[in-house]
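Engineer: Structure for this input, please:
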Amino acid sequence: MSEEPQVVVLEDLGEGQIVGLRMCDEEHRNVFRDALVDGILMRLAELEARFPEVKVLIVQGLEDVFAAGADKQSLLDIAQGNVHVKDLLISEKLIEVPVPSIAAMRGHAVGGGFVMGLCCDMVLMGQSSRYGVNFMEMGFTPGMGCTRLLQGLVGPYIA
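Structural biologist: Okay, here's the model as predicted:
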């Protein structure tokens, strides 16, 4: 039985002080499935062991997709109480990172994937990429702290 490739990696981007957390699930386009969410949480736990050596965290995705959040079936499963929601832990862990964090979102990000980026201290977005929170279009209440994060960043009227 072959092992699934690692879909989230930590990369040294500068003498051990600048660390990149890169989501690299090419096959599933960084959709929040179990392997990606578990990978993010594991890498953040590994990173905790390296403080105070680490001074900056840069969160990255694929070149054309930062993160896509949960797929529709996963959202339906959550709504029906069939699965345990783990992706909420991502927001909490990123907000609590004790060093400056930067979301380098050069690719598209929607739903929980976009919210994940908003949890960082600084958010850099690609000019030609698309970003959005489409929870309500799919019939769901916005998740992962979306309504509070957006309101704080862009004000209540735009949010």
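Engineer: for the most centrally placed residue in the chain, what are its contacts?
Structural biologist: Nearest to the geometric centre of the chain sits M116, at 3.5 Å (C-alpha atoms, centre = their mean). By C-beta atoms under 8 Å, 6 or more residues apart in numbering, the contact set of M116 is 59, 67, 90-91, 94, 103, 109, 144. Where you see a C-beta, it was placed from the backbone N, CA and C, and this is true even at glycine.
Engineer: from those residues, which ones fall inside helices?
Structural biologist: Using DSSP state H, 90-91, 94 are the members of those that sit in helices.
Engineer: could you redo those as TSV and give each row distance to H28, neighbour count and pLDDT?
Structural biologist: Shown next, in TSV, are the ones in helices among the contacts of M116 (distance: C-beta to C-beta, whole Å; neighbours: other C-beta atoms under 10 Å; pLDDT from 0 to 100):
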residue	distance to H28	neighbour count	pLDDT
I90	16	22	89
S91	20	19	88
L94	21	22	94
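Engineer: Just put these in JSON lines and tack on distance to E63.
Structural biologist: What follows is these, written out as JSON lines (distance: C-beta to C-beta, whole Å):
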{"residue": "I90", "distance to E63": "21"}
{"residue": "S91", "distance to E63": "24"}
{"residue": "L94", "distance to E63": "21"}
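Engineer: what's the closest of those to L150?
Structural biologist: The closest of the ones in helices among the contacts of M116 to L150 turns out to be S91 (C-beta to C-beta; 12.6 Å).
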